[in-house]
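1. Predicted model, plus sequence, below.
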Amino acid sequence: MPAASTGPTTLSIDPASFFSDTGDPATVLPVLSTENSSYEVFINGVLQMEDLTTYTPGATGVGSLVITVPTVLPS
């Protein structure tokens, strides 16, 4: 039986871990327009809920995508 999670954690992903639409390594997460922009996060092909992610534009060391991993309750 797997151990129960004791609480939420976060996973921070640096821009260098992403690839562009052309397959080239990304060096920066772009600034998103506040008027008409959105982003979607898929993990293993599953769209993640909006409140679980935080997007910060910028280069390595500044920009990141932070995913909050919620607490898993034992069944």
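-> Arrived safely. Residues are numbered from 1 along each chain as shown.

2. so where's this protein shaky on pLDDT?
-> Along the chain, the model assigns pLDDT under 70 to residues 1-7, 74-75.

3. Relative to residue 67, how far out is residue 31?
-> 20 Å (C-beta to C-beta, to the nearest Å). Every residue, glycine included, has its C-beta placed from N, CA and C.

4. Settle it for me: which of the two has more neighbours?
-> Taking neighbours as other C-beta atoms under 10 Å, residue 31 and residue 67 compare with residue 67 leading, 16 against 10.

5. in what helix or strand does the most centrally placed residue in the chain lie?
-> Nearest to the mean C-alpha position of the chain, by C-alpha atoms, centre = their mean, lies residue 65 at 3.8 Å. For residue 65, the element it lies in under DSSP states H and E is strand 64-69.

6. Export that strand to PDB, keeping only CA atoms.
-> Taking C-alpha atoms only, strand 64-69 is exported to PDB below (Å, rounded to 0.1, in the frame of the first residue of the first chain):
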ATOM      1  CA  SER A  64       8.900  29.300 -14.200                       C
ATOM      2  CA  LEU A  65       5.700  27.200 -14.200                       C
ATOM      3  CA  VAL A  66       4.800  26.200 -10.700                       C
ATOM      4  CA  ILE A  67       2.400  23.300 -10.200                       C
ATOM      5  CA  THR A  68       0.700  22.800  -6.900                       C
ATOM      6  CA  VAL A  69       0.400  19.100  -6.200                       C
END
